[in-house]
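Enquirer: Sequence plus the predicted model coming up.
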Amino acid sequence: MSSVRIGYGEDAHRLEAGRELWLGGLKVPDAPAGAVAHSDGDAVLHAVADALLSGLALGDIGQYFPDTDPAHAGLDSRVIVRRCLELVQQRGYLPQNVALVVTLDRPKLGPLRQQIAQSVAALLALDEGAVGVSFKTSEGLAPAHVQVRVTVLLAAHD
Ligand SMILES: Nc1ccn([C@@H]2O[C@H](COP(=O)(O)O)[C@@H](O)[C@H]2O)c(=O)n1
Ligand SMILES: C[C@@]1(CO)OP(=O)(O)OP(=O)(O)OC[C@H]1O
């Protein structure tokens, strides 16, 4: 197998008023709506986890954490990322850097950029500078929707 691999993941959730919005392991303050999901609905962490798995062709998070399993109701998505990282490490690989893009109309996430980068970096044992975080609006095309796309570079370790 090659010594470097690229992983790609994405996730989307419908947003509904009265729910919490979690992104990258952080609860977004004053969010007008949060994700409708079986777990905590953290689309950043779900996309990161899928990117880790896809880099080594290990499937996707639904196979490891089925949304039909009541045991996963309200699940803290950091648990999903930790498990996926473990699977990658067991195969001799470590993430090198992550690039993630969140598409969300409201609220503005710019003030949370550093905290999200730090949180994702800590989960993956990376420096904050190895996690690039971009935000986009949908330009009003999908106001009740959060979408996240993530790439990750994996490299074989000794
Ligand atoms: N939830 C969001 C969405 C976007 N931003 C920032 O706004 C700028 C413009 O975004 P466009 O989609 O209009 O290109 C850009 O700098 C984003 O970082 C944000 O902070 N929060
Ligand atoms: C996380 C899981 C499991 O609780 O469910 P959801 O929170 O609904 O999220 P989704 O992005 O649809 O991923 C599937 C499942 O693995």
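Expert: Great, that's in hand. Ligands and ions are numbered 1, 2, ... in the order given.
Enquirer: so what's Gly18 up against?
Expert: By C-beta atoms under 8 Å, 6 or more residues apart in numbering, the residues touching Gly18 are 33-34. Yep, even glycine has a C-beta here, placed from its N, CA and C like the rest.
Enquirer: Can you give me the neighbour number for Gly59?
Expert: Other residues near Gly59 number 12, with proximity taken as other C-beta atoms under 10 Å.
Enquirer: Quick check: nearest residue in space to it, chain neighbours excluded?
Expert: Leu53 (5.8 Å; C-beta to C-beta, 6 or more residues apart in numbering).
Enquirer: wait, that neighbour sits on Arg83?
Expert: No: counting by C-beta atoms under 8 Å, Leu53 stays clear of Arg83, with 9.8 Å between them.
Enquirer: ok, these two, which is more surrounded?
Expert: A direct count of neighbours by other C-beta under 10 Å for Leu53 and Arg83 places Leu53 higher, at 22 against 16.
Enquirer: for the more buried one, what are its contacts?
Expert: Each residue near Leu53 by C-beta under 8 Å, 6+ apart is listed here: 7, 9, 59-61, 84, 87-88.
Enquirer: so it sits in a helix?
Expert: Yes: Leu53: assigned to a helix according to DSSP: H, G, I helix; E, B strand; the rest coil.
Enquirer: could you say which helix or strand contains the residue nearest to His157 when sequence neighbours are not counted?
Expert: If the residues on either side of it in the chain are set aside, His157 comes closest to Leu94, at 4.8 Å by C-beta to C-beta, 6+ apart. Leu94 belongs to strand 93-103 when assigned by DSSP states H and E.
Enquirer: Could I get the average pLDDT for the helix or strand following that strand?
Expert: Counting by DSSP H and E, the next helix or strand C-terminal to strand 93-103 is helix 113-124. Regarding helix 113-124, the rounded mean pLDDT is 98.
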